[in-house]
Each structure stands twice: as C-alpha cells, then as structure tokens.
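J.: sequence plus the predicted model coming up.
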Amino acid sequence: MIDTLYIESAIEQHPRVATIRRRFPQARTVVCERFGEVFNPKAQNFRLQKQHPALILAEKYQKFVLPAPAGYGIGGQRNYYFSHMLNCLYDCRYCFLQGMYQSANYVLFVNYEDFQEQIRHICRETPDQDVYFFSGYDCDSLAFEPVTDFAEQFLPVFAELPNAWLELRTKSTQIRSLLNRDVVPRCVVAFSLSPDAVAEKVEAKAPNVAKRIEAAAKLQQQDWQIGLRFDPLIYQHDYRQQYRALFEQVFAAIDAQALHSVSLGVFRLPEQYFKKIHKLYPDEKLFASPLQTASGMVSYRADLEQAMMADCSQMLLEYIPQSAFFPCTL
C-alpha cells in the first residue's frame, strides 16, 4: 500500500514513527529535513502521484487548531477544525484538496499531543460553552485509522473534556476501533453520502454507499451519535429521483429520529482550485455541468443551486426534524 516513507530527521526516533515503520517493512525510507521539501514543489503531477502516494511523517509546529469558516457548523457557536493529516486515501473528483496541494502524497503529523494540548486550551477558555472541533477537513477522519490510530488516540481526550464536541467526517468503513471501545457521547461520526450513480462516477476508491450506510447503522446501534452529510450535492438531470432513492435507502437502515445532525450543500470550489483540477481532468463530465463563477467560487447556476437545495431539503425534512438539519451556507 505504501511503497515510500519520507521521515523528517527530527522525528526519526518518535514512537509513533517506529510503529508506522513496522507496518511497512518493505517500504523505501527517505529521511528529509522538512516535509515541505517533498510536498510543496510545484513541478509535481498530482494525477500521476495519486496512483502510488508516498507517506510523509512530519512534525507540526504551529496552528494546530484553527477557527472553522463562517457558516460551517452543526449548531454550535464556537467551531474549529484541525488536520492531523493532509490528503485523502480516496480520489473524489470534486475534492478541493486536488486544487489546494501540489502533491498527492499523504502527510501525517505525528505529534498528536500538541494538537490535543491546544484543544484542551481552547476548551478551558469557555468552560460553560460547548466547543465544536471538526477533524475531516484536509483528510478523511477514519480512512487511515489502522495506520494512524487517530481516533484511538484522540477520543480519550474528548471523553475527558466536558464542553468539547468532535466530528469525525468520513466515507470510510474503518469503524472497528469505535465498535471496540466505550461510546464518547459528544463525538459525532458523520458519514458523507451520495447517490450510487454519482458515487460510482466521482468517488473513486471510496467504499460503496451501501457499506457506508451499514457502518453508520452499526455505530448507531451501539449508541454512537451519527451525522449524515449530503455534501456536495451533484447535479444530474434526474437528481430528484436519485436523491429520493438515496434518502429512502438511508432511512430504511438508520433511525432518523436518533440522528445528531444532517447537512447538505451543493458542489462548490474556489475558482483557483477549480481551474487547477479542471486542468488535471479536462475530460471529467462533472465539470461540464451548468456552472458559474461568483465571488471567487465556482458552483452551479444560482437558479439550479437554489432548486437543488430546496428539493433535497424538502425531501430530507420528510424524515428528520428541522432541529437536526443544517444546510451549508458557504
């Protein structure tokens, strides 16, 4: 799975690095000074690299936790995100990471304790107010769990913080570590879902939708709080039928009344990222959709965007209470 490991010299002896090296005994190991030497050069082919990404083990020195963008949230007033990893195992054609990074290699920051200390510090600032932390911004929260032990290492921290919420955003079915431990009441495992026909076209390498729903149902049966993320909505000429069928499939397996939250948002990308991704995949049909650019963002035409949001919202609210619904306003 991983043919090459790049390791920053300063963390060669880090226990987490030693554990990961033992998982890939056949991998070529290259020592570097800073991960940016490998990750940031511009003359890299993201599309080619995506076929066999290397794993870069690095240390992060600052900005462990950042404020979430305005409009991003699931009901809280204080929202933050953090990224223990850059890039994703999956290859979703709509993903902004392809436009943001020069490299498709994975970067894993192994100094988890520094992230955790800043999370504790932020929670101490407002002990009487809930604080929401989102972990699936620059990577999938669970897809690399067997290698990273991310949830295994962070959930005990959140279990001890009385005002901290954690969202694990994922398309993965790597839920074994969650099933084998006590439930953390303020952790929301949020699954990203699309209609089968869409997922097959634009969510390469991700588990199929039925497997994701099955994973969510298993966790819900063990009393984990579950979130559903229908984001991005992807336009197809028969999108109403496709999303109605998806919602029927989802709520046949999942207790809608027990859900923590449901969100949706249409396909959108910053213009500069869109141009870069379009150049990587000029024949991608997704980019032949009726798109427009407004305020630096590429999305569907305003009338189409509004119709998709209204139609899908109406269909969702046939199943879920309004109080659990968080349409994305980004």
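T.: Done, it's in.
J.: the most centrally placed residue in the chain: what's it in contact with?
T.: Nearest residue to the geometric centre of the chain (CA atoms, centre = their mean): Gly136, 3.3 Å. For Gly136, the contact set (CB atoms under 8 Å, 6 or more residues apart in numbering) comprises 167-170, 190. Any C-beta I mention is one placed from the backbone N, CA and C, and that applies to glycine too.
J.: by neighbours, which of the residues you listed wins?
T.: Within the contacts of Gly136, neighbour counts (other CB atoms under 10 Å) peak at Thr170, which reaches 28 neighbours.
J.: may I ask you to confirm that it is in contact with Asp140?
T.: Yes: using CB atoms under 8 Å, Thr170 is in contact with Asp140, at 5.2 Å.
J.: and stretch 92-100, which residues are buried?
T.: Within stretch 92-100, the residues that count as buried by 16 or more other CB atoms under 10 Å are 92-100.
J.: for this protein, name the helix or strand with the lowest mean pLDDT.
T.: Lowest mean confidence among the helices and strands of the chain (mean pLDDT, DSSP states H and E): helix 46-49, at a mean of 88.
J.: returning to what we had before: just the ones of the buried residues of stretch 92-100 in strands?
T.: Cys92 (DSSP state E).
J.: what is the nearest of the buried residues of stretch 92-100 to Asn180?
T.: The closest of the buried residues of stretch 92-100 to Asn180 turns out to be Cys92 (CB to CB; 28.2 Å).
J.: ok, and the closest non-adjacent residue to that closest one?
T.: Glu203 (4.9 Å; CB to CB, 6 or more residues apart in numbering).
J.: how many residues are close by the one you found?
T.: Glu203: 22 surrounding residues under other CB under 10 Å.
J.: what's the first helix or strand after the strand ranked longest in the chain?
T.: Longest strand in the chain, counting residues (DSSP E): strand 225-233. Going down the chain from strand 225-233, the next helix or strand is helix 239-253, by DSSP states H and E.
J.: okay, the angle between that next one and strand 225-233?
T.: 170 degrees (axes from the mean of the first three to the mean of the last three CA atoms, to 10 degrees).
J.: elements contacting helix 239-253?
T.: helix 196-202, helix 209-221, strand 225-233, helix 302-316 (3 or more CB pairs under 8 Å, 6 or more residues apart in numbering; DSSP states H and E).
J.: tell me which of the ones you listed sits most buried.
T.: Highest mean neighbour count of these: strand 225-233, a mean of 23 (counted as mean count of other CB atoms under 10 Å).
J.: pLDDT of that strand, averaged?
T.: The average of the pLDDT scores along strand 225-233 is 97.
J.: what lies in contact with it?
T.: By CB under 8 Å, 6+ apart, strand 225-233 touches 74, 94, 167, 169, 185-194, 216, 219-220, 239, 243, 246, 250, 254, 258-268, 308-309, 312, 316, 328.
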